[in-house]
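>>> no sequence for this one, just the structure:
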């Protein structure tokens, strides 16, 4: 699976952005998908994940209620709708994939920069 993240940019605090992650390869619906982020000087952290068929989502406490992750298996894509953005959301955002039954996030996209100005 190859992943390509896009949609990052510069936005003012309180604004919104929608990130996309396009996946190539077959059997996309066999993969759980996730978003991670790495802020300046920080370690990479989990943001959200979605189950292979999209029925379940999990969010980090810092984004719950502000971010929404979704997927379109027909388009081999996942999305992260981000609202009420804060300067602390500034980071490079990565999408990742994990096969059903897998223990690790084996596939990663290249990252897209999100910068939130105060």
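All right, it came through fine. Values in this document were obtained by computation on a predicted structure and should not be read as measured data.

>>> Quick check, pLDDT for residue 23.
For residue 23, the pLDDT comes out at 96.

>>> Can you report phi and psi for it?
Dihedral angles of residue 23 (phi, psi; degrees, to the nearest 10) stand at phi -110, psi 140.

>>> same question, residue 30
Torsion angles, degrees, to the nearest 10, at residue 30: phi -90, psi 10.

>>> give me every residue that touches it.
By C-beta atoms under 8 Å, 6 or more residues apart in numbering, residue 30 lies in contact with 52, 99-100. Every residue, glycine included, has its C-beta placed from N, CA and C.

>>> Please repeat the previous calculation with a cut-off of 10 Å.
Residues counted as contacts of residue 30 (C-beta atoms under 10 Å, 6 or more residues apart in numbering) are 1, 52-53, 73, 97-102.

>>> Residue 47 too?
So residue 47 contacts 19, 34-37, 58-60, 62-63, 67, 69, 80, 82, 89, 91, 93-95 (C-beta under 10 Å, 6+ apart).

>>> Kindly recompute the last result at 8 Å.
Counting by C-beta under 8 Å, 6+ apart, residue 47 makes contact with 34-37, 59-60, 63, 67, 80, 93.

>>> how close does it sit to residue 23?
17 Å (C-beta to C-beta, to the nearest Å).
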